[in-house]
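>>> give the three-dimensional model of this entry:
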Amino acid sequence: MPQINTGADISAYTNTIWEDAMLLARENSVMSALVKVFNDQNGIAARKNNKYGGATINQVTETDDLTSQAFTPSADQTLTPYEYGAQYFITDVRRETDIYNVMNDAATDLGQALGVKVDAALAGLFSSFTGGSAVGTASNMSFALFYSALSKMRRAVAPRPWTCVLSPEQWACMGTSIAPGVTMTNSPYIQDELVKQFFVANVSGVDVFVDANISAGTSVYGGMFSPIALALDWRRAPRIEAQRDASRRGDELNLSAVYAYGVWRPQYGIYIQCQGTALA
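Numbering: from 1, shown residues only. Predicted coordinates for the structure are as follows:
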């Protein structure tokens, strides 16, 4: 006779072993508040933008007749929406036995998981920036790389405000460079500000954010950019729907959303490539 696994098999443990229902520690979604967001359309039609070539200013003499130049848009970037989803199935026995409000916890976790998905996807686009690069592949993140990116943002004539997003390890390397005797940063005020605002700071007019959804590694991409460098296009806002499955004696929690993401004006972003490993 086949073995049937039931709740009675673990009844002896229900009072002594508590399920760890603490939600997974996930970084809040940083990127979605820093980029261009569209929410004016439904469906899955692609969104495209165009760009103009710009005029050429020529020297003319007093009697020259100006000649018209082309002012025609050309296709630039495309955002293609897709549907995303996830599900938890919670049995009646689980819900009735669980010491936690498992349905609410599961719904919260689904929402947080989507936030991480979107955040990591946007941060993963830094390497697609075309405004320039600040590369120190074999080096740790430094103020030299930061100001290299800053100078390239100015050269790209990127519209403000400017934001820099780094991994925790990249930001830690910048933090450890703030020490007595370090050239340029040997200022008690600067040192106090960095310690006080470890996770969010403003350096030379650039807001700096730390995003743990950027993976650690020996070659990590951070980014400095204008909001319009990247775009998030919500076509259907995230929703969670419960569906009863009587034959299975439980409920489905179904999360779904439709959105697109991608580079939008990549010339207004600079990628910062360097070491991103944990410090000893």
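>>> helix/strand/coil for the nearest residue to Arg265 once chain neighbours are set aside?
Nearest in space to Arg265, with sequence neighbours left out and distances taken as Cβ to Cβ, 6 or more residues apart in numbering, is Ile228 at 4.7 Å. C-beta coordinates here come from the backbone N, C-alpha and C atoms, glycine included. Here Ile228 is helix, with the state taken from DSSP: H, G, I helix; E, B strand; the rest coil.
>>> also the one 10 residues further on?
Reducing the assignment to helix, strand or coil with three-state DSSP, the entry for Pro238 is strand.
>>> mind listing what it touches?
Gly111, Leu114, Leu255, Ser256, Ala257 (Cβ atoms under 8 Å, 6 or more residues apart in numbering).
>>> give me that answer again for 7 Å
By Cβ atoms under 7 Å, 6 or more residues apart in numbering, Pro238 lies in contact with Gly111, Leu114, Leu255, Ala257.
>>> run through the bridge partners of Tyr221.
Gln273 (DSSP bridges).
>>> surely Gly131 and Tyr271 touch.
No - between Gly131 and Tyr271 there is no contact, the gap being 8.6 Å when judged by Cβ atoms under 7 Å.
>>> ok, the residue nearest to Arg265 touching Lys36?
Yes - counting by Cβ under 7 Å, Ile228 touches Lys36, with 4.9 Å between them.
>>> list the residues that contact both of these two?
Trp264.
>>> specify the local secondary structure of Ser151.
Secondary structure for Ser151, judged by three-state DSSP, is helix.
>>> next one: it relative to Ala144, how far apart?
11 Å (Cβ to Cβ, to the nearest Å).
>>> and Asp40, by the same measure?
Applying Cβ to Cβ to Asp40 and Ala144 gives a distance of 42 Å.
>>> which one of those two has more residues nearby?
Comparing Asp40 with Ala144 by other Cβ atoms under 10 Å, the one with more neighbours is Ala144, at 13 against 9.
>>> hang on, that one in a helix?
Yes - assessed by three-state DSSP, Ala144 belongs to a helix.
>>> quick one: the strands in the protein?
36-38, 47-51, 74-79, 82-91, 133-136, 163-166, 200-203, 206-210, 217-225, 230-245, 250-263, 269-276 (DSSP state E).
>>> I'd like these laid out as JSON lines, including mean pLDDT.
JSON lines is the format used below for the strands of the chain (pLDDT from 0 to 100):
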{"stretch": "strand 36-38", "mean pLDDT": "94"}
{"stretch": "strand 47-51", "mean pLDDT": "89"}
{"stretch": "strand 74-79", "mean pLDDT": "90"}
{"stretch": "strand 82-91", "mean pLDDT": "94"}
{"stretch": "strand 133-136", "mean pLDDT": "89"}
{"stretch": "strand 163-166", "mean pLDDT": "94"}
{"stretch": "strand 200-203", "mean pLDDT": "74"}
{"stretch": "strand 206-210", "mean pLDDT": "91"}
{"stretch": "strand 217-225", "mean pLDDT": "94"}
{"stretch": "strand 230-245", "mean pLDDT": "92"}
{"stretch": "strand 250-263", "mean pLDDT": "94"}
{"stretch": "strand 269-276", "mean pLDDT": "94"}
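>>> quick one: end-to-end distance for stretch 241-261.
Start and end residues of stretch 241-261 are separated by 24 Å (Cα to Cα, to the nearest Å).
>>> go on, stretch 256-271?
32 Å.
>>> and that stretch, how far out from the chain middle?
Mean-position distance between stretch 256-271 and its chain equals 10 Å (Cα atoms, centre = their mean, to the nearest Å).
>>> Ser68 versus Val135, what's the distance?
Taking Cβ to Cβ, one finds Val135 at 42 Å from Ser68.
>>> what's the answer for Ala144, then?
Using Cβ to Cβ, which is the criterion applied here, Ala144 is 46 Å from Ser68.
>>> neighbours of Ala107, how many?
16.
>>> can you pull the contacts of it?
So Ala107 contacts Ile240, Leu253 (Cβ under 7 Å, 6+ apart).
>>> give me the pLDDT for it.
We have a pLDDT of 89 for Ala107.
>>> ok, it to Val203 distance?
Taken as Cβ to Cβ, the span from Ala107 to Val203 is 38 Å.
>>> so Gln87 touches Ser256, yeah?
No - the pair Gln87 / Ser256 is not scored as a contact, 9.2 Å apart, by Cβ under 7 Å.
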